[in-house]
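have a look; sequence and predicted model below, questions after that.
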Amino acid sequence: MADYNSGDISFVLLSTALVWFMIPGVGYFYSGISRQKNALSLIMLSVLSVAVVSFQWFFWGYSLTYGKDSGPYIGNLRNAFLIDVEKIKIGQDSSITDMTFAIYQCMFAAITPALAIGSAAERGRIFPAIFFFFIWSTLVYDPIAHWTWSQDGWGKKLGILDFAGGTPVHISCGAAALAYCLILGKRHQEDHEEFRQHNISHTVLGTVMLWFGWFGFNGGSALAAGPQAVNAYTVTNLSASVGGLTWMAMDFRVERKLSTIGFCCGAIAGLVVITPGAGYVSPSSSIAFGFIGGFFCNLATNIKHWFDFDDAMEVFPVHCVGGIIGNILTGIFAQKSIAALDGRLEIDGGLLDGNWKQIVYQIAGSCAGLAYSFSITYIILFIMDRVPGFSLRVKKENETSGLDKTEIGESAYDFVDEVILLNTRTQRERVQPEPSNQETSINERGVEVVQNRSSAFKEN
């Protein structure tokens, strides 16, 4: 045990728990933005992603990503089933074990498809999504993570800087989300029906869970409880704060309202943008990350209108566009002095240190991740949709009823199934399927009585 630092191991294990906590946060964030009849399905998909990808990571995901002595594009199967992982240190200067690193990185692999599936909200079947998580992690996430982070990967050898997942997590999930919503098509919309958020409090809760967990996402990527982790915590919080304020200000310019959802989306955009540079940029630089990220990700939400596709949860503009912006800004603002805070990491820096080539490397890595993730995801989904039993989209009548009822058979809000309005003079009943926040027609030639199954009360 003398070769390891128990403090660093504890810090990375705590960061693992924080990143795990983000995954249901994704579900709550999406759930609040969706309509009530689909709320539970999105939370369910997020926890399914944890379960499926955790098994995939154990089965061969870790080995395909970080297998030793592998090629430039993907790992090998030497550490499949986590064989011999507990006996290995991840590097000569590392103070943690490979098993510690493996469970930490498992959370990154698990959250990525959970983010991507948001674009399929309200019309994508859950059963084929389970298999999609496993296949996509194997064919898309693992290769991109390998070439970005593994010592044998072509991106790592080229010198691409990505501290915590700008390309493997955010660009890859955003590109996959675009492919998914293109394959599925747009949501059906009944006459006069609006795609309105049903519970903004859930979205705020999801944002809080994500923001809180992101300290482990970025800070834990230092793999040691040292000055670099402290810097990552600081820039993460600053970028999220500025991103939220920027997005909210842009929405206020149009709506003249201080939008809660606008602030939440901006905060997530700020977190996404700072991710690749969290261990390389200064706190003052992170202000630029938050402002530029919030500004351009807000503008990018118009892309789906320009090209007429239905990215239900804005995954592409926030994560893919945000990841690209973050990679480019890292090429500008990365500094040798920040990277060397722990005394273990040496980089050439970015434009601030006179290394203009770093911007080119960052753009190359971003384009490679975007093109690979989109093309392979599209092929996977195209094939799956044509396999009997694996059609990706629910039937129109099931979409109208909602995925909670038709795919799960349970509801996020099961306390009221239907409301019966009884006119006491005419004894005529009207059935209202869901409770409404607005007043229904009351006192229609008399007093109406509202019944919820066995209970009844008068409505004045």
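Yep, it's here.

shaky segments in the protein?
Applying pLDDT under 70 to the chain picks out residues 1-2, 87-92, 191-194, 414-423, 427, 429-460.

what's the neighbour count on Asn284?
Not Asn; residue 284 is Ser. Residues lying near Ser284 (other CB atoms under 10 Å) number 10. C-beta here means a position set from N, CA and C on the backbone, and glycine is covered the same way.

that one: which element?
In this structure, Ser284 sits in helix 283-300 according to DSSP states H and E.

packing partners for the following helix or strand past that helix?
Going down the chain from helix 283-300, the next helix or strand is helix 303-307, by DSSP H and E. If you count contacts as 3 or more CB pairs under 8 Å, 6 or more residues apart in numbering; DSSP states H and E, helix 303-307 packs onto no helix or strand.

excluding its backbone neighbours, what's nearest Leu13?
The shortest distance from Leu13 to any non-neighbouring residue, by CB to CB, 6 or more residues apart in numbering, is to Thr100 (6.5 Å).

for the stretch 201-350 of the chain, which segments count as helices?
Ranges of helices within the stretch 201-350 of the chain are 227-255, 260-274, 283-300, 303-307, 315, 321-333, 336-339, based on DSSP state H, counting those that start in this stretch.

which of the three states applies to the residue nearest to Leu13?
Classification of Thr100 by DSSP: H, G, I helix; E, B strand; the rest coil places it in helix.

so how many other residues sit close to it?
When neighbours are counted by other CB under 10 Å, Thr100 comes out with 24.

ends of stretch 336-350, how far apart?
This stretch, stretch 336-350, spans 8 Å end to end (CA to CA, to the nearest Å).

and Cys367, what element?
Assigned by DSSP H and E, Cys367 falls in helix 357-384.

mind listing what's buried along the helix holding Ser284?
Going by neighbour count (16 or more other CB atoms under 10 Å), the buried part of helix 283-300 is 285-298, 300.

which strands and helices sit next to it?
helix 227-255, helix 260-274, helix 321-333.

my read is Ser10 is in a strand, agree?
No - using three-state DSSP, the assignment for Ser10 is helix, not a strand.

look up how far Ser337 lies from the residue lying closest to it once chain neighbours are set aside.
Once flanking residues are discounted, Ser10 sits nearest to Ala225: 7.8 Å by CB to CB, 6+ apart. Going from Ala225 to Ser337 by CB to CB, to the nearest Å gives 20 Å.

more crowded one of those two?
When Ala225 and Ser337 are compared for neighbours, Ala225 comes out ahead with 21 against 11, by other CB under 10 Å.

which SSE is the residue positioned nearest the centre of the chain in?
By CA atoms, centre = their mean, the chain has its centre lying nearest to Leu115, at 3.0 Å. Using DSSP H and E, Leu115 sits in helix 98-116.

just checking, what packs against the helix or strand harbouring Phe131?
Following DSSP H and E, one finds Phe131 within helix 126-136. Under the contact criterion of 3+ CB pairs under 8 Å, 6+ apart, helix 126-136 touches helix 39-56, helix 98-116, helix 357-384.

one more time with 10 Å, if that's ok
helix 39-56, helix 98-116, helix 172-184, helix 357-384 (3 or more CB pairs under 10 Å, 6 or more residues apart in numbering; DSSP states H and E).

which one is Leu42 nearest to, not counting chain neighbours?
Counting by CB to CB, 6+ apart, the residue nearest Leu42 is Tyr30, at 4.2 Å.

which ones are touching the one you found?
Contact analysis of Tyr30 by CB atoms under 10 Å, 6 or more residues apart in numbering lists 38-39, 41-43, 45-46, 114-115, 117-119, 121-122, 202-203, 206, 312-313, 315.

all strands of the stretch 351-460 of the chain, in order?
419-423, 429-432, 448-452, 455-458 (DSSP state E, counting those that start in this stretch).

buried sites along the helix holding Phe131?
Quick answer for helix 126-136 (16+ other CB under 10 Å): 126, 128-129, 132-136.

also stretch 45-55?
So, applying 16+ other CB under 10 Å, buried residues of stretch 45-55: 45-46, 48-50, 52-54.

can you lay out those residues as a markdown table showing distance to Leu77?
Output for the buried residues of stretch 45-55, formatted as a markdown table (distance: CB to CB, whole Å):
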| residue | distance to Leu77 |
| --- | --- |
| Leu45 | 29 |
| Ser46 | 29 |
| Leu48 | 25 |
| Ser49 | 23 |
| Val50 | 23 |
| Val52 | 19 |
| Val53 | 18 |
| Ser54 | 18 |
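
ok, these vs Gly153, which is closest?
Using CB to CB, the shortest approach to Gly153 within the buried residues of stretch 45-55 belongs to Val53, at 20.0 Å.

grab the nearest non-local neighbour of the closest one.
Ala110 (4.1 Å).

so that neighbour sits right up against Phe58, yeah?
No - the criterion here is CB atoms under 10 Å, and Ala110 misses it with Phe58 at 11.5 Å.

more neighbours, these two?
More neighbours surround Ala110 than the other of Ala110 and Phe58, with 27 against 17 (other CB under 10 Å).

what's near enough to touch Val315?
With CB under 10 Å, 6+ apart, Val315 has these contacts: 30, 115-121, 170, 173-178, 180-181.
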